[in-house]
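Enquirer: Build me a model from this:
(chains A, B, C and D)
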Number of protein chains: 4
Amino acid sequence: METIKHIGVLTGGGDCPGLNSVIRAVTKTAILDYNLDVIGFVDGFRGLVENNYMTLDLKTVSGIAHTGGTILGTTNRDNPFNFYSGGRTGQEPVDESDRAINNLQNLGLDAMVIIGGDGSLHIAHQFGQKGVRLIGVPKTIDNDLMATEVTFGFNTAVNTASDALDRLHTTAESHHRVMILEVMGRYSGWIALNAGISGSADVILIPEIPYRIDSIIKKISQRYRQGKKFSIIVVAEGAFPENGEIVVQNLVPTSHDPIRLGGIGQKVAEEIAGRLKDIEIRVTVLGHLQRGGQPIPYDRILGTKYGAGAVHALMEGQSGVMVSLQGSDITTVPIEEAIKDIRRVPPDDFMIKAARSIGITFGDN
Amino acid sequence: METIKHIGVLTGGGDCPGLNSVIRAVTKTAILDYNLDVIGFVDGFRGLVENNYMTLDLKTVSGIAHTGGTILGTTNRDNPFNFYSGGRTGQEPVDESDRAINNLQNLGLDAMVIIGGDGSLHIAHQFGQKGVRLIGVPKTIDNDLMATEVTFGFNTAVNTASDALDRLHTTAESHHRVMILEVMGRYSGWIALNAGISGSADVILIPEIPYRIDSIIKKISQRYRQGKKFSIIVVAEGAFPENGEIVVQNLVPTSHDPIRLGGIGQKVAEEIAGRLKDIEIRVTVLGHLQRGGQPIPYDRILGTKYGAGAVHALMEGQSGVMVSLQGSDITTVPIEEAIKDIRRVPPDDFMIKAARSIGITFGDN
Amino acid sequence: METIKHIGVLTGGGDCPGLNSVIRAVTKTAILDYNLDVIGFVDGFRGLVENNYMTLDLKTVSGIAHTGGTILGTTNRDNPFNFYSGGRTGQEPVDESDRAINNLQNLGLDAMVIIGGDGSLHIAHQFGQKGVRLIGVPKTIDNDLMATEVTFGFNTAVNTASDALDRLHTTAESHHRVMILEVMGRYSGWIALNAGISGSADVILIPEIPYRIDSIIKKISQRYRQGKKFSIIVVAEGAFPENGEIVVQNLVPTSHDPIRLGGIGQKVAEEIAGRLKDIEIRVTVLGHLQRGGQPIPYDRILGTKYGAGAVHALMEGQSGVMVSLQGSDITTVPIEEAIKDIRRVPPDDFMIKAARSIGITFGDN
Amino acid sequence: METIKHIGVLTGGGDCPGLNSVIRAVTKTAILDYNLDVIGFVDGFRGLVENNYMTLDLKTVSGIAHTGGTILGTTNRDNPFNFYSGGRTGQEPVDESDRAINNLQNLGLDAMVIIGGDGSLHIAHQFGQKGVRLIGVPKTIDNDLMATEVTFGFNTAVNTASDALDRLHTTAESHHRVMILEVMGRYSGWIALNAGISGSADVILIPEIPYRIDSIIKKISQRYRQGKKFSIIVVAEGAFPENGEIVVQNLVPTSHDPIRLGGIGQKVAEEIAGRLKDIEIRVTVLGHLQRGGQPIPYDRILGTKYGAGAVHALMEGQSGVMVSLQGSDITTVPIEEAIKDIRRVPPDDFMIKAARSIGITFGDN
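Expert: Reported below is the predicted structural model:
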């Protein structure tokens, strides 16, 4: 193994609060602890293919840890192994991975730190198999990555969603309305579950638990009889109801259709409206508000730990692994293991049990 | 004029942060300064018709000034002069104003404080003409009431919208996207204008200034050429573009259709997408988030001044007037004057001029 | 073991954001899952001795989960085993534990849930040894309880401190000042460490790491030479410097002297001022701001899990144990184990290492 | 009058949220509307004397409007007419105003925009009298400048103080304590008055209204008898009690002594503690937290209006004037008029009356 003297960093996939905390920690640890040179590729894997980069030094990363976004830019569609050079219009994708590796060599880079979610870590894994020395840093708003307890950005998104529920609560109660909040979570309900408990929701709908509209109606009606003329429903964008009950095949999860609004939140609203004639219903789709803004302290700290941990792992000779939070420690796991499946909410998770204990329904009873 | 010993309060129309500050101030001023008895009608004018009320004393209003919503409840469709007794299904409306006045007499109420927007103040004016002694308190998120400089709740809504822009900013920049935020403002652009300046928008679209999509495209393209690959657009829900350019007659302003999402924000997005093929666009509709949540200090203070001012005006023998902010003073104006028109953003307002000076476009050049 | 049908709850010790989330979860779980009756003792152990209590039902705990403080009240000086009946003036303390147990029996209570920190759990342990069936719920702002990974309230305090650092940062930089923020942490530096990393502090001083003023001066001077004319120092209230360097015996930790301000933060400022003549220094003591306000979502969720977990543990027949967070699960540990020592920051904790990697000094080098 | 082609900007005096909004607006308006060149002097008047400056262009001011502090730096002790060249140690001050004017000429600057409070505007006035063409922009946290309705930064400080009161409220109530919050306001009580109303204080002490400790004791006792075992007191740093009652000559207003904590807040606490033996009292001094952090939207907008207005006034040929908010318009007033006195809270201000109506005492009855 050669000595590492020069490393590169990139951020791939969707925006996530805390990216700049990681970039700062990677850069400072590399410079202060190991005296390395650091560069950052611009706009994720696109920069890697097109050799577009910037130098990262102590000055570049000063004052960024509490800011949202990423100073390096990112895209969530560029894959060097399947690359569209000029956008996606009228043209076949090409494998540009060798061009990327060539860039690494020409720049004299000994290793990479790749910050990304499921998709970016897949790409990282492929580069690892082609001999690139690298460490992955897990990033996903949805918190659905295997092999780490929490991903940075997730708790900021929960905060944003919980704050929205606090706002909807006061107005739902004043107006006797059913308020539906659609939050992120295409395959897993972590955001909906956490925000729902924090924001005192009455109903939480997640992809992991099949639900029936009847069960929601029952809850709303029961509350009404108890004098609570309003109800709060949180629904994860990927939480489609049980087969057979309502037709949902035309729905597109909100955050993946660039312009069209209205996914499952609106569908659930229509179903309820069809059965409870006299109640007013309102839908709010949080959308990209969940990806933006300053990271909360939890995510700044977690991002710092991941960033420092990634460089330490690299310098200890590791490669092809992802840094991972275990308790309060940072360890590493093979990237392969982290990407082999999505981490879903286990139906017997204690949080599900606690939510039921305080009267929240998941639409399944 | 009889001595006033017993007054009633109600909150009408849409929810608005600061209502509880007003209720507290009315109640405390009435009790502490004038030793009055106070009751509050439940759910706005519906409570007045159905004689549904609660006693308001120092204990009832303790600890509510910083909370969102209204402890009295509200509805935005009940009008005693045109009343649907059992919801709006299959039944003709009836004039129940005499029944309401009868309730006031039976309860021994000498006067009313009516907190509401344009619609509620219209109803108040009609009651005034039928001999009810009353004072109006102006309430509208949109800040579009004549005869007062600022309405409470407005600045809280601006904060919410500006905070959303801060969040969208970081993610727009990281991803090189055009982000469109649709905010409230059916007839006036005050929220869009204030939030847009505060949140560093590039384009602000308001009902008062006819705009062309071409002008927006020009701005986005110009920024792109300067290396700023993202743009932020704020659009008021009532800001339809100039006649002749795009067809908008099927659009329903967002907040007035109970379930359907997607109003002018989505329409603008589609228009831009049709002309700028390679740029990613995302739309967020803030909706009811703007009506909910804790009032910011500005609105707590303004609500307190309005509430205290309303009771003082009543005890000075005034009636049929609305309290109004003039500089830092509370004065009164005839309700009739306040409701005769909507207060729109004057095209030569200094804020428009200042916005243009810092490079914001209104789509009209 | 008798069947449990009626339980009591109390909150003891210093205020902590999240107490109401726990109270809500205990009450709802007890009623909804097990059909128990629940009462809450008012003002902690004082209510237990003086038989001062209130009924807790679904209505009492509705809408409290996101609020700060405790609806039950608390005191941090009342100990039934050493009880001052009328305040602490001119009177000997008495053992009133039997009177307390008598109250439990007269009220027909089968078990207790005691929410408190080190001191309250000591008392709980003593009651357990006298045969009272009970479960402890760990509460401490400082996060220094053994046998649980995180205590509720801690992350809210970190948020408050980190937000204060963000504010001090802008003004420190504009004015070229050294800003010192004194935060809670009498025996442990968890708040200082977390807030310092999150808020981009340059120096963190904690009780676990002996520090020298010289080392702080070196850091400030080094930054000055790099053109950074400001520095941010976070100091835990219990972080006294290494023996021999400065005399500190007259200092009283801030939050424990009812009125006197100025503890170690001020002392450190004076020491720096004595050596760096031309630099401006400002001290801020956060004090009780850290205990107040709404709990952040993390603590609302953790409080809910603890509260539900406590009742489940009780109904499974456990007693004399404290609920404890292990990963994302709630388990139980003997109270005895939880109180036998304070949980301090291990000098080799990964967070210390990460902080050093990004250039933060602990004043020890 | 020569045509203006090149202008300079500086920020003087204490830090204030919104300075960067003003700098951005001045720069953008100058460049976009009038095609001027703009430079900013570094560290206020010190930069003017020492010819230390930076170019301000569209890129420099991009993304700063929502940030706290000032990108130009500031000091609150440098006066070109009475200048200490090397700090304040062991050396006589010199009049360096001609050197400053010489710098302006050498740089080819046609006019200046000077953003500052009372002190900085005094200096501006002197430069005006020596022939420098300039416009002043009013800046003071305390809101105590004559000739403008509101200064930017003030409402952000009120928010910070009100938020602190919200936090203290929950913990005061849980613990039955008297909580005292000392806020800024050396000569005027605007922050204390506004924050006190917003944050539901029971007692507000301001410099404009002489108060007696007895009156505070009466209020606390009265609340205690009504079952409210806690009280919240806000005190402006300059609010010394009526002569004759307690000795205050050794107290130094908090924010003006660089290190020493504890001003009038602590003194009031000691006085109360001396008379109410059994009640617990806690003091919090907000200090520099009030000057730091992001400006709220109100101040970003006001700063933008002032900045744009200043440049427009300059280009209309005005000089020696200060921009001023009158209603929602920006006008100008002679600087001379603005600095001839402090704007104090009039004892008959409607806000004082409203505060009394809701039961707040000012310690004078």
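
Enquirer: CA atoms for contacts and neighbours, from now on please.
Expert: Noted.

Enquirer: And the strands in chain A?
Expert: A:6-11, A:37-41, A:53-55, A:111-116, A:134-138, A:177-183, A:203-205, A:231-236, A:280-285, A:321-326, A:329-334 (DSSP state E).

Enquirer: what's the closest of the ones you listed to D:G131?
Expert: Of all the strands of chain A, strand A:53-55 sits nearest to D:G131, with 47.5 Å by CA to CA.

Enquirer: and the closest one, what other elements does it pack with?
Expert: Strand A:53-55 is packed against strand A:37-41, with contacts defined by 3 or more CA pairs under 8 Å, 6 or more residues apart in numbering or on different chains; DSSP states H and E.

Enquirer: what are the pairing partners of the strand it packs on, and which direction each?
Expert: According to DSSP bridges, strand A:37-41 forms sheet pairs with strand A:6-11 (parallel), strand A:53-55 (antiparallel).

Enquirer: angle of that strand against strand A:111-116?
Expert: 40 degrees (axes from the mean of the first three to the mean of the last three CA atoms, to 10 degrees).

Enquirer: contacts for strand A:37-41?
Expert: A:5-10, A:27, A:30-31, A:47-48, A:51-57, A:72 (CA atoms under 8 Å, 6 or more residues apart in numbering or on different chains).

Enquirer: now stretch A:118-132
Expert: Contacts with stretch A:118-132, where a contact means CA under 8 Å, 6+ apart, come from A:12-13, A:79-81, A:97, A:101, A:111-112, A:114-115, A:134, A:136, A:138, A:140, A:145, A:319-320, A:335-336, A:339.

Enquirer: Helices of the stretch 251-365 of chain A, start to end?
Expert: Assigned by DSSP state H, counting those that start in this stretch, the stretch 251-365 of chain A shows helices spanning A:264-275, A:297-315, A:335-338, A:350-357.

Enquirer: any weak-confidence spans in the stretch 51-200 of chain A?
Expert: Residue ranges of the stretch 51-200 of chain A with pLDDT under 70: A:86-90.

Enquirer: ok, and the closest non-adjacent residue to the residue nearest the centre of chain A?
Expert: Centroid-nearest residue in chain A: A:I141, 1.9 Å away (criterion: CA atoms, centre = their mean). Once flanking residues are discounted, A:I141 sits nearest to A:F154: 4.4 Å by CA to CA, 6 or more residues apart in numbering or on different chains.

Enquirer: The one you found: what's it in contact with?
Expert: A:140-143, A:191, A:299.

Enquirer: of all those, which two lie farthest apart?
Expert: A:I191 and A:D299 (14.6 Å).

Enquirer: quick one: low-confidence parts of the stretch 201-350 of chain A?
Expert: Across the stretch 201-350 of chain A (using pLDDT under 70), the flagged ranges come out as A:241-262.

Enquirer: Count the residues that sit near A:Q129.
Expert: 11 (other CA atoms under 10 Å in any protein chain shown).

Enquirer: Correction: the previous question concerned A:E2.
Expert: 6.

Enquirer: any idea how far A:N20 is from A:T67?
Expert: Applying CA to CA, to the nearest Å, the value for A:N20 to A:T67 is 7 Å.

Enquirer: Please apply the same query to A:H122.
Expert: 27 Å.

Enquirer: likewise A:R46?
Expert: 23 Å.

Enquirer: Could you pull up the contacting residues of the closest residue to chain D within the stretch 51-200 of chain A?
Expert: In the stretch 51-200 of chain A, the residue that lies nearest chain D is A:T67 (11.0 Å; CA to the nearest CA). By CA under 8 Å, 6+ apart, the contact set of A:T67 is A:17-18, A:20, A:293-295.

Enquirer: Centre of the chain to stretch A:57-64, how far?
Expert: In terms of CA atoms, centre = their mean, to the nearest Å, the centre of stretch A:57-64 is set 25 Å apart from its chain centre.

Enquirer: in that stretch, what's buried?
Expert: A:57, A:61, A:64 (16 or more other CA atoms under 10 Å in any protein chain shown).

Enquirer: Turn the residues you listed into JSON lines, including distance to chain D.
Expert: Converted to JSON lines, the buried residues of stretch A:57-64 look like this (distance: CA to the nearest CA, whole Å):
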{"residue": "A:D57", "distance to chain D": "20"}
{"residue": "A:V61", "distance to chain D": "16"}
{"residue": "A:I64", "distance to chain D": "13"}
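
Enquirer: So A:A273 sits against A:I281, correct?
Expert: Yes - between A:A273 and A:I281 there is a contact under CA atoms under 8 Å: 7.2 Å.

Enquirer: These two: who's more crowded?
Expert: In this view A:A273 and A:I281 are compared by other CA under 10 Å, and A:I281 has more residues nearby, 23 against 18.

Enquirer: and the more buried one, how far is that from A:G196?
Expert: The spacing between A:I281 and A:G196, counted by CA to CA, is 18 Å.

Enquirer: out of the contacts of strand A:37-41, which are buried?
Expert: Buried among the contacts of strand A:37-41 by 16+ other CA under 10 Å: A:5-10, A:27, A:30-31, A:47-48, A:51, A:53, A:56-57, A:72.

Enquirer: now, which of these sits nearest D:T331?
Expert: Relative to D:T331, the closest of those is A:L72; by CA to CA it sits at 43.4 Å.

Enquirer: ok, how many other residues are close to the residue lying closest to that closest one once chain neighbours are set aside?
Expert: Distance criterion CA to CA, 6+ apart; nearest residue to A:L72, sequence neighbours excluded, is A:V42 at 5.0 Å. A:V42 has 24 neighbouring residues, counting by other CA under 10 Å.

Enquirer: Quickly note the distance from A:V42 to A:M54.
Expert: 7 Å.

Enquirer: again with A:Y224
Expert: 59 Å.

Enquirer: With A:I330 instead?
Expert: For A:I330, the distance to A:M54 - CA to CA - is 28 Å.

Enquirer: same question, A:H66
Expert: 21 Å.

Enquirer: cool, and A:I101?
Expert: From A:I101 to A:M54 the distance is 17 Å (CA to CA).

Enquirer: Also A:R177?
Expert: In terms of CA to CA, A:R177 sits 51 Å off from A:M54.

Enquirer: same check, this time on A:M184
Expert: If you go by CA to CA, the gap between A:M184 and A:M54 works out to 32 Å.

Enquirer: would a markdown table of the strands paired with strand A:37-41 with distance to A:G359 be doable?
Expert: What follows is the strands paired with strand A:37-41, written out as a markdown table (distance: least, CA to CA, whole Å):
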| stretch | distance to A:G359 |
| --- | --- |
| strand A:6-11 | 41 |
| strand A:53-55 | 52 |
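
Enquirer: I'd say A:A164 and B:Q290 touch.
Expert: No - proximity of A:A164 to B:Q290 does not meet the contact threshold set by CA under 8 Å, at 9.7 Å.

Enquirer: Next, see if stretch A:201-214 gets close to chain C.
Expert: No - for stretch A:201-214, no contact with chain C is found by CA under 8 Å from any CA of the partner chain; the gap never falls below 10.8 Å.

Enquirer: ok, that stretch near chain B or not?
Expert: No - residues of stretch A:201-214 contacting chain B under CA under 8 Å from any CA: none, with a closest distance of 15.3 Å.

Enquirer: List the buried residues in that stretch.
Expert: A:201-209, A:211-214.

Enquirer: Can you give the distance from that stretch to the centre of its chain?
Expert: Taking mean C-alpha positions (CA atoms, centre = their mean), stretch A:201-214 and its chain are 21 Å apart.

Enquirer: measure it end to end?
Expert: Distance between the two ends of stretch A:201-214: 18 Å, counting by CA to CA.

Enquirer: which residue packs closest to A:G327, ignoring adjacent ones?
Expert: Per CA to CA, 6+ apart, closest to A:G327 is C:G327, 6.0 Å.

Enquirer: Please work out how many residues are found near the one you found.
Expert: 14.

Enquirer: Report the separation between it and chain D.
Expert: C:G327 is 30 Å from chain D, where distance means CA to the nearest CA, to the nearest Å.

Enquirer: got the contact list for the nearest residue to A:L58 once chain neighbours are set aside?
Expert: Excluding its sequence neighbours, the residue lying closest to A:L58 (CA to CA, 6+ apart) is A:K28, at 6.4 Å. Contacts were defined as CA under 8 Å, 6+ apart; by that measure A:K28 touches A:57-58, C:357-359.

Enquirer: Alright, I will stop here.
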